[in-house]
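S.K.: just a sequence and a predicted model for now, questions to come.
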Amino acid sequence: MDESAVTRLLNPDDPQHVPRAVELMQAVIAVSKVKIDTITSDVGMCADMSAITSLSAILESLLLPFIDITLSLQQQVSYLSCYAHLTFTFFHLYRSTFMPHVLYYNSQTMAKNACFCIAKQQRLDGSQRFWLIQTGDDRLEKLFGITRMRGQHNSAMNYSQALDCISATKDIDTVFKKHSDLKSGSR
């Protein structure tokens, strides 16, 4: 990647831009796959690549269950379990220097909730298919997500643009309420 591409991925002006965050995570994962010669590389480069490889393992185990449609539910849960265990280990060692307490708690809850939702669905009707995307339960968060999507993730929209996005979001929500078969919904 050139410098402008990296700067675009690291854009601090819009921390809620989900597609860009996913692209950044994928870029870190790709960098971790680069092989370096540990004999001829300096100690700093080897340490940096080791840290990037550890971060990549965490990011990959969090990201793949939600973007790789070829994974089975068992593989998705294995990745989430790996994420939960890796973040527990790093959080146990480094506490809030690794990640903020709230982010740690929320991400562990997300992994646990996925397992609980799967177990609940198996108990209710094990013959029905289940997707991780169905584990969400925060209606306001879903509306916020639709609003962000409608606004093309523009963090600098003006008042009028925001009203237009909110209006479109309510229209989309109304369609989903009338035609619940159009959305996957939460369980």
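M.R.: Everything's here; your move.

S.K.: domain map for this structure?
M.R.: Domain ranges of the chain: 3-135, 136-187, per automatic domain parsing.

S.K.: reformat these as TSV; add mean pLDDT and mean neighbour count.
M.R.: Heads up, the C-betas are built off the backbone N, CA and C, glycines and all. Formatted as TSV, those follow (pLDDT from 0 to 100; neighbours: other CB atoms under 10 Å):
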stretch	mean pLDDT	mean neighbour count
domain 3-135	91	14
domain 136-187	73	13
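
S.K.: nearest residue to the most centrally placed residue in the chain in space, please, no chain neighbours.
M.R.: Against the mean C-alpha coordinate of the chain, by CA atoms, centre = their mean, the closest residue is L63 at 5.5 Å. Closest residue in space to L63, ignoring its immediate chain neighbours: M25 at 5.2 Å, by CB to CB, 6 or more residues apart in numbering.

S.K.: same question for I52.
M.R.: I52 sits nearest to S32 (CB to CB, 6+ apart), 5.1 Å away.

S.K.: then R20?
M.R.: In space, R20 is closest to L9, 6.2 Å off (CB to CB, 6+ apart).

S.K.: how near is that neighbour to L59?
M.R.: Going from L9 to L59 by CB to CB, to the nearest Å gives 13 Å.

S.K.: do the same with D37
M.R.: Distance from D37 to L59, by CB to CB: 24 Å.

S.K.: and I146, by the same measure?
M.R.: 25 Å.

S.K.: so how far is I52 from the residue nearest to R20?
M.R.: For L9, the distance to I52 - CB to CB - is 15 Å.

S.K.: before we move on, what about Q74?
M.R.: 28 Å.

S.K.: now Y104
M.R.: 20 Å.

S.K.: and what of A111?
M.R.: A111 is 23 Å from I52, by CB to CB.

S.K.: then S78?
M.R.: 23 Å.

S.K.: same thing with I133?
M.R.: 29 Å.

S.K.: likewise for M157?
M.R.: M157 is 34 Å from I52, by CB to CB.

S.K.: any idea which element the spatially closest residue to I172 that is not a sequence neighbour lies in?
M.R.: Of all residues not flanking I172 in the chain, I146 sits nearest, at 5.6 Å (CB to CB, 6+ apart). In this assignment (DSSP states H and E), I146 forms part of helix 139-150.
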